[in-house]
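Enquirer: Quick one: sequence plus predicted model below, questions after.
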Protein chains: 2
Amino acid sequence: MKLTLENLKQELKEKNVSLSHQRLKILEYLVENRIHPTVEQIFSDLQKDMPTLSKTTVYNTLRLLAKSGLVKVITIEEKEARFDIDTRDHGHFKCESCGRIYDFPIDIDPLIPEELDKCQIISKDVYFNGFCARCLASEKEGG
Amino acid sequence: MKLTLENLKQELKEKNVSLSHQRLKILEYLVENRIHPTVEQIFSDLQKDMPTLSKTTVYNTLRLLAKSGLVKVITIEEKEARFDIDTRDHGHFKCESCGRIYDFPIDIDPLIPEELDKCQIISKDVYFNGFCARCLASEKEGG
DNA sequence: GTTCCTGCAAAAGCTTTGCAGAAGA
DNA sequence: TCTTCTGCAAAGCTTTTGCAGGAAC
C-alpha cells in the first residue's frame, strides 16, 4: 500500500478517527515533508497558513496518529521527538552536522537471535548517527 | 577487553579524567548493575550509602562518561535517558510490561546498504520494543 | 443539543546552568 | 594556593493536562 494521503485518510476512516481541518493539514504535512519533522517544525510551518493553530493541537494530533498506528515516533535524538509517516521497517541515519535524518532500507529480521524467539516484538528501530556524504563532501571542499 | 572496573579506571586515567569518590561510585554502579538504569535509579540507589549525593553530580558524571566514550546513552524510550556501560555494538529490547531492557547480540554491519558507504557512521543502535518472555509467561499463567 | 476538538494557560518532568562552598593536589 | 568538583537552587525545554469556548453533525 502506497503512502498517499488518500490511503491514509481511508485507514483513519476505518479506525473511526475523524479528521478535522487541523488534523488533515498535519497529516498532509507529514506526507509531503518526509523529513522526520519535530513538533516545532510542523507547528511553525503550518502556522504560516493557519495563524490560529496551537502547538497543543499538533501534540494532540501526533499522539492520536501514533496511537492509531499511522505515525511512528523516532527517538534518534535525546531532546526532541521526531515523527515519521512511513511506519514500515527501515533504518534512520542522523547527520550530526546538518541534523538531517535519512531513511535507508534494512531488513534485520533474519538477524534476530533465537533468544528473542519467546518474546513478542512489536516494533523495531535501527538508528545510526554520524556525518552524511553531503556534509563530508562540503567539509573537504570548503576546508 | 573485559568490562571490569579496573579496565575502565585505566581507560579514564589514559584520558586524563579524574575519578572522585562520587564518580567512582557511579562507575561502579554501572558495572555492577547492568540494567541500563535511569538517572533516577542510579541516584536513589546510591543515595542510600551516600546521603549527600546530588542528582546534579549524577547528571554531570554521566555526561562526562558519555563524552569520554565509556558510557552509551540509550534513547529507547521517549521520557528518560538510560545508560549502558557496555559500548560495544549490541541490540536492546525493552519490555513494555515490566520495563526491563534486555541486551541481545546482533551484527548489522553486513546489512548496511551501499548508499551509506559515503557516510561516516559513528554509532549504531538497534532498539526493539514488545513483551518479554517472562511477562508473556506470567500473563498466560496468571490469567 | 450534544459531542468532540481547539487552543490558551498552567503544570509536570527531565536535564542543564549558575554559583558558592568544599575537597583535593 | 589554585584548580576542580559537589550540590543546592533556579532556569530551560519538551510534553502533558485542565478547561472554557467553539465547531461540527
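Expert: Sure, I can see it. Numbers count the residues shown, from 1 in each chain, chains lettered A, B, ... in the order given.
Enquirer: in chain A, which residue is closest to the centre?
Expert: For chain A, the residue nearest the mean C-alpha position is A:D84 (1.4 Å; Cα atoms, centre = their mean).
Enquirer: Okay, the closest residue to that one other than its chain neighbours and DNA strand D: tell me how far apart.
Expert: Leaving aside its chain neighbours, A:D84 sits nearest to A:K72 (4.6 Å; criterion: Cβ to Cβ, 6 or more residues apart in numbering or on different chains). Backbone N, C-alpha and C define where each C-beta goes, glycine included. Separation of A:K72 from DNA strand D (Cβ to the nearest atom of the strand, to the nearest Å) stands at 14 Å.
Enquirer: Can you report how many residues lie near A:K72?
Expert: Using other Cβ atoms under 10 Å in any protein chain shown, A:K72 has 20 neighbouring residues.
Enquirer: was I right about it contacting A:F83?
Expert: Yes - A:K72 is within contact range of A:F83, at 7.2 Å (criterion: Cβ atoms under 8 Å).
Enquirer: so what sits against both of the two?
Expert: A:A66 (Cβ atoms under 8 Å, 6 or more residues apart in numbering or on different chains).
Enquirer: Pull out the buried residues from the lowest-mean-pLDDT helix or strand in chain A.
Expert: Across the helices and strands of chain A, the lowest-confidence element by mean pLDDT, DSSP states H and E is helix A:133-142, at a mean of 86. Within helix A:133-142, the residues scored as buried using 16 or more other Cβ atoms under 10 Å in any protein chain shown are A:135-136.
Enquirer: Run through the residues of chain A sitting next to DNA strand D.
Expert: Where chain A comes near DNA strand D, counting by Cβ under 7 Å from any atom of the strand, the residues are A:20-21, A:38-40, A:55-56, A:59-60, A:63, A:79-81.
Enquirer: switch to 6 Å and redo it
Expert: A:39, A:56, A:59, A:63, A:79-81 (Cβ under 6 Å from any atom of the strand).
Enquirer: re the thing from before, CA-only coordinates of the least confident helix or strand of chain A in PDB, if you can.
Expert: Provided in PDB are the C-alpha atoms of helix A:133-142 (Å, rounded to 0.1, in the frame of the first residue of the first chain):
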ATOM      1  CA  ALA A 133      28.000  12.300   2.500                       C
ATOM      2  CA  ARG A 134      26.900  15.800   1.700                       C
ATOM      3  CA  CYS A 135      28.500  17.300   4.800                       C
ATOM      4  CA  LEU A 136      31.700  15.300   4.400                       C
ATOM      5  CA  ALA A 137      32.000  16.500   0.800                       C
ATOM      6  CA  SER A 138      31.400  20.200   1.600                       C
ATOM      7  CA  GLU A 139      33.900  19.900   4.500                       C
ATOM      8  CA  LYS A 140      36.600  18.600   2.200                       C
ATOM      9  CA  GLU A 141      35.800  21.300  -0.300                       C
ATOM     10  CA  GLY A 142      35.300  24.200   2.000                       C
END
